[in-house]
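Asks: Please work out how this folds:
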Amino acid sequence: MKLPGAFSKQTLSKIASVLLVIGAAAIFGGRYFAPTANVDAATNSRAQTAANGEDAQSVELTEKQTGSLKIGPVEWRNFEVLKSSVGTIDFNEHVLVQVFSQYPGKILRAFYNLGDEVKQGDILFTIDSPDLLQAESNLLATAGVLELQTRTLTRLSDLLKTGGSSQKDVNQATSDQQTAEGNFKAAKNAVRIFGKTDAEIDQILAERKVDSTLLVPCPISGRIVTRNAAPGFLTQPGNAPAPYTVADLSTMWMIANVIETDAPAYKVGQEVEVRVPAYPDTVFKGHVTTVGSMIDPNTHRQLVRSEIADPQHLLRSGMFASFVIRIGDPTRSLAVPAEAVVREGDGTMTVWATADRRRFVKRTVKVGIQRPRGFSQITEGLEAGELVVTDGAVFLNNKLLLGADG
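Replies: Sure thing, here's the model as predicted:
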């Protein structure tokens, strides 16, 4: 008998099968959609983190705060390829003269002091010279012999006319007179070597009086940089110390020892700009005159010597100096003022860029050539025309730091 509303066994079996399929679908479906939900959550989390990171590297300012900053565009500029180093100032030894007397003697008087300006031909000191005394004495002796031989020749020539002498005597007298004349000319030239003029020599011959005082003139115009001369000081030619040292200060040397890796960049004739701490606003110009032919094995440095013009005589030997040399053609590149670039604690370089002058974003850049109190070359990280903070970057860094701490 079949009950109303009752299901047959086959019907119940079909219903159970359907329910089993629905349950399985529900189970597997849940396992399928659960990972999708997790991925979406992770993606949203990363997006939020990225957004927070961007906010952490940006600062928004009020109009009043922005007014305290200086903002300018990224521009194209030419950058010269330069090398810089340090050195010391020294005298130009090509125009540095140690003044000795040509002959030994005792100094009688010294006329100039350390630091005095002298001109070529000025008498620096005088000495009592035995050699001059002997030369002048020989001059007087040869002058006397010449005078005697001339008289003898004249007398014998007159006697020959009257038959009182022979031709042989006249010939002998002529030979003796010519020898005496040659000796006199040699003695006269010997006195000239000591610096005596013809007028002074004529005075010696007229007065027949010798003077052993030898005058020592200055060979160049310049400044007395050392003095050892003093009355009674015995001097020998070439024996140190020299009585005086005179330097022409219109040019000076700058001597530098550059690092080995920079050595190939230096060439004779390159222009040099030199600064010294004593005159920080003055640029002294010159050129390279000598490049060392070897590297010091101990310091691994090379000698570079430059000749520096100093018409006002401001430089002093021994001064510390820094110099810059142009070693190549200018390179055109993007640039920002040096004050716009901030060196971070990890060594990276950053600038603050803005599009609307209200919101400022910190940008990491790569910097090439840097010029203190000038412009820095930007090789990566900025585009031409972008606005950057040229004065006040440190203020933005501080504000960013305070915001992060808050």
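Asks: name the element N189 belongs to?
Replies: Using DSSP states H and E, N189 maps to helix 167-193.
Asks: tell me the mean pLDDT for that helix?
Replies: Across helix 167-193, the average pLDDT comes to 91.
Asks: Show me what secondary structure element comes after that helix.
Replies: Note on helix 167-193: by DSSP H and E, the next helix or strand toward the C-terminus is helix 198-207.
Asks: For that next one, buried residues please.
Replies: Going by neighbour count (16 or more other C-beta atoms under 10 Å), the buried part of helix 198-207 is 200-201, 204-205. Where C-beta positions appear, they are placed from N, C-alpha and C, glycine not excepted.
Asks: With stretch 379-399 instead?
Replies: 381-382, 386-390, 392-393, 395-397, 399.
Asks: CA atoms of that stretch as PDB?
Replies: What follows is stretch 379-399, C-alpha atoms only, in PDB (Å, rounded to 0.1, in the frame of the first residue of the first chain):
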ATOM      1  CA  THR A 379      72.600  63.100 -14.100                       C
ATOM      2  CA  GLU A 380      69.500  61.200 -13.000                       C
ATOM      3  CA  GLY A 381      66.200  61.900 -11.100                       C
ATOM      4  CA  LEU A 382      65.000  65.300 -12.500                       C
ATOM      5  CA  GLU A 383      63.700  66.700 -15.800                       C
ATOM      6  CA  ALA A 384      64.400  70.100 -17.300                       C
ATOM      7  CA  GLY A 385      61.900  72.700 -16.200                       C
ATOM      8  CA  GLU A 386      60.800  70.900 -12.900                       C
ATOM      9  CA  LEU A 387      60.600  73.200  -9.900                       C
ATOM     10  CA  VAL A 388      62.800  72.400  -7.000                       C
ATOM     11  CA  VAL A 389      63.500  74.100  -3.700                       C
ATOM     12  CA  THR A 390      66.800  76.000  -4.100                       C
ATOM     13  CA  ASP A 391      66.900  77.400  -0.600                       C
ATOM     14  CA  GLY A 392      65.200  75.800   2.400                       C
ATOM     15  CA  ALA A 393      65.600  72.100   1.700                       C
ATOM     16  CA  VAL A 394      66.900  71.600   5.200                       C
ATOM     17  CA  PHE A 395      63.700  73.200   6.600                       C
ATOM     18  CA  LEU A 396      61.600  70.600   4.600                       C
ATOM     19  CA  ASN A 397      63.800  67.800   5.900                       C
ATOM     20  CA  ASN A 398      63.200  68.900   9.500                       C
ATOM     21  CA  LYS A 399      59.500  69.200   8.900                       C
END
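Asks: Give me the mean pLDDT for it.
Replies: Averaging pLDDT along stretch 379-399 yields 88.
Asks: cool, and stretch 114-128?
Replies: Mean pLDDT, stretch 114-128: 94.
Asks: Now secondary structure too, for the buried residues of stretch 379-399, in JSON lines please.
Replies: As requested, the buried residues of stretch 379-399 are exported to JSON lines (DSSP: H, G, I helix; E, B strand; the rest coil):
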{"residue": "G381", "secondary structure": "coil"}
{"residue": "L382", "secondary structure": "coil"}
{"residue": "E386", "secondary structure": "coil"}
{"residue": "L387", "secondary structure": "strand"}
{"residue": "V388", "secondary structure": "strand"}
{"residue": "V389", "secondary structure": "strand"}
{"residue": "T390", "secondary structure": "strand"}
{"residue": "G392", "secondary structure": "coil"}
{"residue": "A393", "secondary structure": "helix"}
{"residue": "F395", "secondary structure": "helix"}
{"residue": "L396", "secondary structure": "helix"}
{"residue": "N397", "secondary structure": "helix"}
{"residue": "K399", "secondary structure": "helix"}
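Asks: Turn those residues into a markdown table, columns for distance to Q177.
Replies: Listed next are those as a markdown table, based on distance: C-beta to C-beta, whole Å:
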| residue | distance to Q177 |
| --- | --- |
| G381 | 100 |
| L382 | 99 |
| E386 | 102 |
| L387 | 103 |
| V388 | 99 |
| V389 | 101 |
| T390 | 96 |
| G392 | 101 |
| A393 | 99 |
| F395 | 103 |
| L396 | 105 |
| N397 | 103 |
| K399 | 109 |
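Asks: Can you tell me which of the residues you listed is nearest Q312?
Replies: Among these, T390 lies closest to Q312 (C-beta to C-beta), at 36.0 Å.
Asks: Please tell me how far that closest one sits from V304.
Replies: 36 Å (C-beta to C-beta, to the nearest Å).
Asks: From the contact counts, what lies against whatever helix or strand Q98 lives in?
Replies: Q98 is located in strand 96-99, with elements delineated by DSSP H and E. With contacts defined as 3 or more C-beta pairs under 8 Å, 6 or more residues apart in numbering; DSSP states H and E, the packing partners of strand 96-99 are strand 244-247.
Asks: So in that sheet, which strands flank the strand it packs on, and in what orientation?
Replies: Pairing partners of strand 244-247, with direction, according to DSSP bridges: strand 96-99 (antiparallel), strand 222-227 (antiparallel).
Asks: Make CSV from the ones you listed and add distance to Y266 to it.
Replies: Shown next, in CSV, are those (distance: least, C-beta to C-beta, whole Å):
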stretch, distance to Y266
strand 96-99, 24
strand 222-227, 29
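Asks: Go through the ones you listed and name the closest to A242.
Replies: Closest approach to A242 among these is made by strand 96-99 (3.7 Å; C-beta to C-beta).
Asks: Just want the angle from the very next helix or strand once past that closest one to strand 222-227.
Replies: Remark: after strand 96-99, the chain's next helix or strand is strand 105-110, criterion DSSP H and E. Here the directions of strand 105-110 and strand 222-227 differ by 120 degrees (axes from the mean of the first three to the mean of the last three C-alpha atoms, to 10 degrees).
Asks: and the angle for the helix holding N189 with helix 198-207?
Replies: Counting by the same axes, to 10 degrees, helix 167-193 lies at 130 degrees to helix 198-207.
Asks: buried stuff in helix 167-193?
Replies: Applying a neighbour-count criterion of 16+ other C-beta under 10 Å, one finds 169-170, 173, 176-177, 180, 183-184, 187-188, 190-191 buried in helix 167-193.
Asks: got those residues as TSV, with distance to G328 columns?
Replies: Below are those laid out as TSV (distance: C-beta to C-beta, whole Å):
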residue	distance to G328
D169	88
V170	86
A173	83
D176	79
Q177	77
A180	74
N183	69
F184	69
A187	66
K188	63
A190	60
V191	61
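Asks: Can you tell me which of these is closest to G238?
Replies: Once C-beta to C-beta is applied, the member of those that ends up nearest G238 is A190, at 20.7 Å.
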